[in-house]
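# What follows is a predicted structure for the sequence shown.
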Amino acid sequence: EDQVTQSPEALRLQEGESSSLNCSYTVSGLRGLFWYRQDPGKGPEFLFTLYSAGEEKEKERLKATLTKKESFLHITAPKPEDSATYLCAALQLNDYKLSFGAGTTVTVRA
Amino acid sequence: DAEITQSPRHKITETGRQVTLACHQTWNHNNMFWYRQDLGHGLRLIHYSYGVHDTNKGEVSDGYSVSRSNTEDLPLTLESAASSQTSVYFCASSEPGQGTDTQYFGPGTRLTVL
């Protein structure tokens, strides 16, 4: 059974304090690993897709990386506006359905 | 700009009533999905469709149904609402064959069943 596990569940950071979120996955053939940001009361907003081990993508203070078993979302020098829940999801070969992790809620204090 | 909309945004209903949540996308995407989001469970797939007249059950489909009569819309029906169906519901769409299969989400519908 496909599984996506995110850790930690919650992360409290001081502004400027860099950290990483983990997403581990067990799927029978990964086609893509997705990261989304979700603000309270809103739908998930697409951030990145990673397709192969070793791939990295960056957007402002966020950088996503992928290995054969897990993905990391690095937040460098976060600001309060980076506070959100970050979701990862795995897309299996020969399918269009995503399997989501439960998310990591990040709070950045000024 | 293309978008995906959901209505209503908030709904309160009573146990046993039939409820329909609307999802409309102007991306012209073939794939559409319904999820529910509950604390501690993340997003769980209810039903999905890969084209007009195609519908499939997801992992938590009991008590829900969908129909796809056109490309733009995938309404979600709760046949007889139960308190366990109190949740936030999200619709999403994607287009296969464009290399990314990225799903784009609507703003959500918060449903309360009393």
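Now that the structure is in, tell me what you want to look at.

# list the contacts for residue A:68?
residue A:53 (CB atoms under 8 Å, 6 or more residues apart in numbering or on different chains). No exception for glycine: its C-beta is placed from N, CA and C like everyone else's.

# Ok, residue B:60 next?
B:36, B:44, B:45, B:46.

# nearest spatial neighbour of residue 42, skipping sequence neighbours?
Since no chain was named, I'll use chain A. Spatially, and ignoring its direct neighbours in sequence, residue A:42 is nearest to residue B:107 (6.1 Å; CB to CB, 6 or more residues apart in numbering or on different chains).

# Chain B is the one I meant
Nearest to residue B:42 is residue A:102, by CB to CB, 6+ apart, at 3.9 Å.

# On the three-state scheme, the closest residue in space to residue B:41 that isn't next to it in sequence is what?
Among residues not flanking residue B:41 along the chain, residue A:102 sits closest, at 6.6 Å (CB to CB, 6+ apart). Recorded secondary structure, residue A:102: coil (DSSP: H, G, I helix; E, B strand; the rest coil).

# what number of residues lie near the residue nearest to residue B:42?
By the measure other CB atoms under 10 Å in any protein chain shown, the count of residues near residue A:102 is 20.

# now the one 5 residues further on
Taking other CB under 10 Å as the neighbour definition, residue A:107 ends up with a count of 14.

# how near is it to residue B:77?
37 Å (CB to CB, to the nearest Å).

# Also residue A:54?
The separation that residue A:54 has from residue B:77, given CB to CB, amounts to 45 Å.

# neighbour-wise, which of the two wins?
Set residue A:54 next to residue B:77 and count neighbours by other CB under 10 Å: residue B:77 wins out with 14 against 9.

# and chain A, which residues reach chain B?
Applying CB under 8 Å from any CB of the partner chain, we find that chain A lies next to chain B at A:31-32, A:34, A:36, A:41-46, A:49, A:87, A:89, A:91, A:96-98, A:100-103.

# Show me the residue at the heart of chain B, geometrically.
residue B:34 (2.8 Å; CA atoms, centre = their mean).

# shouldn't that residue be in contact with residue B:46?
Yes - when contacts are counted by CB atoms under 8 Å, residue B:34 is listed as touching residue B:46 (4.4 Å).

# overlap in contacts of the two?
With CB under 8 Å, 6+ apart as the test, residue B:34 and residue B:46 both reach B:58, B:64, B:66, B:76, B:89.

# Filtering these by proximity to chain A, which remain?
Counting by CB under 8 Å from any CB, the members of these near chain A are residue B:58.

# Just the closest of the shared contacts of residue B:34 and residue B:46 to residue A:65, please.
Distance to residue A:65, by CB to CB, is smallest for residue B:58 among these, at 29.3 Å.

# For that closest one, which non-adjacent residue is closest in space?
residue B:45 (3.3 Å).

# Check the burial of that neighbour by counting its neighbours.
20.
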